[in-house]
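J.: From the sequence below, what's the structure:
(one chain, ligands or ions: 1)
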Amino acid sequence: MSEKATLTIGDASYNLGVSIGSEGEKCLDIGLLREQSGCIAMDPGFGNTGSCFSSITFVDGEKGILHYRGYPIEELAEQASFVEICSLLIYGELPDEKTLTKFRNALAEHTALHGNLTHHFSGFPESAPPMAILSAMLNLVSCFHPDVLEVYSEGHGFDRTAALLLSKVRTIAAWSYRMSVGKPFNHPNPNLDYCANFLHMMFSEPYREYIPNPVVERALSLFLILHADHEQNCSTSTVRTVASSRANLFSSIASGVCALWGPLHGGANSAVVQMLEDIRSSGRPVDYYLDKAKDKSHDYRLMGFGHRVYKNFDPRSLILKEKVYDLLAELNKSDPLLDIALELEEKTLKDDFFISRKLYPNVDFYSGILLRAIGIPLDMYPVMFAIGRMPGWIANWRELHDQNLRITRPRQIYTGAQKRSYIPLSER
Ligand code: CMC
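T.: Okay, here's the model as predicted:
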């Protein structure tokens, strides 16, 4: 700690340590504040509270910057593969060819699900949300590999457990879709790359094998890369909180899936497409929905807009917007929802309500249109986000264990009734 800060409460002053991150971000160390002063810090929603020192991902929300392990997202999106990004995020460095081949082989080895697991899928109703199936099945898969329940750090099977998770999540996701549409499961093909294998399990039919399409596979890889990590967001903080009790990797990540599900987080991508569909089918002008989002008498929001950290463009949305155009052109498709999205964006950028609140399109605004072009069904969009976020969750789980962090346990300020005596039922 190279700087000091002083906090004055009433007549007393307290020295607080100041820590500075590698990109110049500063924090005050208030760890001993309650012991010294009797005060705790209050920050509902943790908008201004750090929970860890991390070397995985850097976000500068004011400047619209995102780096994974120091590498700008724009460069990674253009040049890397999702599997490379998994290795980078989890292990800290871009893999060389030998490391990457070993990692790829580990992923290929673990794609299949245990034979006894298949009948568990039929226990879900066809209407079951794929995110519910995914979180439940992740815990279930771990029961078939008891060794993964004991993994706490590298050297104790971490590499195998991480590969197992990254690999099997694809199969669970694809099979939950196949089950929901009443189609037979496609067994994984270990000869296919990560994205091609997933598309095969989703879309191969007994009468028509999935034909690898590099354009679609590249678009899917890009989607996954852009979702791979985003520092201490709601689901990653959940994974860390659960992991802090020393829960195993599978259960920690299953809880991350549940946190991701909500429409303010990973559920926003399907909510955006639903919103665009509603706008289109209503025949109303876009302005009607802009006014509705600005009207404080109800809680309608423009989905895919705003972000806790970005107060400028979300760099992921800029990349996705460009790639959606490219993908539609390459596939010779058009999508009327893209025109509505573009009109919404253009109008919000000129509207005081959105300008003053710094509300820009976030990662979810264009990602749904990309997934639509690939042919992914709407209720699978949050599941696609979860597959992408897997390496970030795993990297954070590992970092927390490596740093041997304390159990997460925030405090509160109690505002309920003061001590009172029990009143027997007959006297109430
Ligand atoms: N449409 C209309 N108004 C909005 C929106 C929106 N999408 N987002 C925020 N606001 C307003 C909000 O009403 C508030 O106004 P006021 O100051 O007058 O009360 C102000 O902007 C600040 O909003 P907030 O809710 O305090 O901001 P937050 O940092 O707590 O929430 C958010 C961030 C992403 C949850 C929120 O912007 C939102 O609900 N967006 C829509 C859902 C969405 O797109 N979520 C995906 C987030 S990015 C990927 C991810 O993390 O999964």
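J.: Do you have the strands of the chain handy? List them.
T.: Shown for the chain, the strands assigned by DSSP state E span residues 3-9, 12-20, 26-29, 57-60, 65-68, 71-72.
J.: Could you point out which of those strands sits nearest the ligand?
T.: In terms of Cβ to the nearest ligand atom, the element of the strands of the chain nearest to the ligand is strand 57-60, at 11.1 Å. For the C-beta atoms, the positions are set from N, CA and C on the backbone; glycine is no exception.
J.: is that closest one up against the ligand anywhere?
T.: No - Strand 57-60 lies apart from the ligand when judged by Cβ under 6 Å from any ligand atom; the minimum separation is 11.1 Å.
J.: Output that strand as PDB, restricted to C-alpha atoms.
T.: In PDB, the C-alpha atoms belonging to strand 57-60 read as follows (Å, rounded to 0.1, in the frame of the first residue of the first chain):
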ATOM      1  CA  THR A  57     -10.400  -9.400 -16.500                       C
ATOM      2  CA  PHE A  58     -10.100  -5.600 -16.600                       C
ATOM      3  CA  VAL A  59     -13.100  -3.300 -17.400                       C
ATOM      4  CA  ASP A  60     -12.900   0.400 -17.700                       C
END
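J.: helices or strands up against it?
T.: strand 65-68 (3 or more Cβ pairs under 8 Å, 6 or more residues apart in numbering; DSSP states H and E).
J.: Residue ranges of each domain in the chain, please.
T.: 3-42, 66-259+385-402, 268-374 (automatic domain parsing).
J.: would CSV of those with distance to Arg411 be doable?
T.: Converted to CSV, those look like this (distance: least, Cβ to Cβ, whole Å):
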stretch, distance to Arg411
domain 3-42, 5
domain 66-259+385-402, 14
domain 268-374, 22
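J.: Would you format the ones you listed as a markdown table with mean pLDDT included?
T.: Formatted as a markdown table, those follow (pLDDT from 0 to 100):
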| stretch | mean pLDDT |
| --- | --- |
| domain 3-42 | 95 |
| domain 66-259+385-402 | 93 |
| domain 268-374 | 96 |
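J.: Of all those domains, which one is nearest the ligand?
T.: Ranking these by proximity to the ligand (Cβ to the nearest ligand atom) places domain 268-374 first, at 2.3 Å.
J.: Return the set of buried residues in stretch 322-337.
T.: By neighbour count with 16 or more other Cβ atoms under 10 Å, stretch 322-337 contains the buried residues Lys323, Val324, Leu327, Leu328, Glu330, Asp335, Leu337.
J.: With stretch 192-206 instead?
T.: 192-204.
J.: how about that stretch as CSV, C-alpha atoms only?
T.: Output in CSV follows, covering the C-alpha atoms of stretch 192-206 (Å, rounded to 0.1, in the frame of the first residue of the first chain):
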residue,chain,number,x,y,z
LEU,A,192,-15.4,-32.0,-34.4
ASP,A,193,-14.2,-28.7,-32.9
TYR,A,194,-15.9,-27.2,-29.8
CYS,A,195,-18.4,-25.1,-31.7
ALA,A,196,-19.0,-27.6,-34.6
ASN,A,197,-19.6,-30.4,-32.1
PHE,A,198,-22.3,-28.3,-30.3
LEU,A,199,-24.0,-27.4,-33.5
HIS,A,200,-24.0,-31.0,-34.6
MET,A,201,-25.6,-32.1,-31.2
MET,A,202,-28.2,-29.3,-31.7
PHE,A,203,-29.0,-29.7,-35.4
SER,A,204,-28.1,-33.1,-36.8
GLU,A,205,-31.1,-35.2,-37.7
PRO,A,206,-31.2,-39.0,-38.3
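J.: how about the strands of the chain in JSON lines, adding mean neighbour count?
T.: Formatted as JSON lines, these follow (neighbours: other Cβ atoms under 10 Å):
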{"stretch": "strand 3-9", "mean neighbour count": "11"}
{"stretch": "strand 12-20", "mean neighbour count": "13"}
{"stretch": "strand 26-29", "mean neighbour count": "14"}
{"stretch": "strand 57-60", "mean neighbour count": "20"}
{"stretch": "strand 65-68", "mean neighbour count": "21"}
{"stretch": "strand 71-72", "mean neighbour count": "15"}
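J.: Pipe these into CSV and attach distance to Asn48 per row.
T.: Shown next, in CSV, are the strands of the chain (distance: least, Cβ to Cβ, whole Å):
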stretch, distance to Asn48
strand 3-9, 14
strand 12-20, 14
strand 26-29, 10
strand 57-60, 15
strand 65-68, 19
strand 71-72, 26
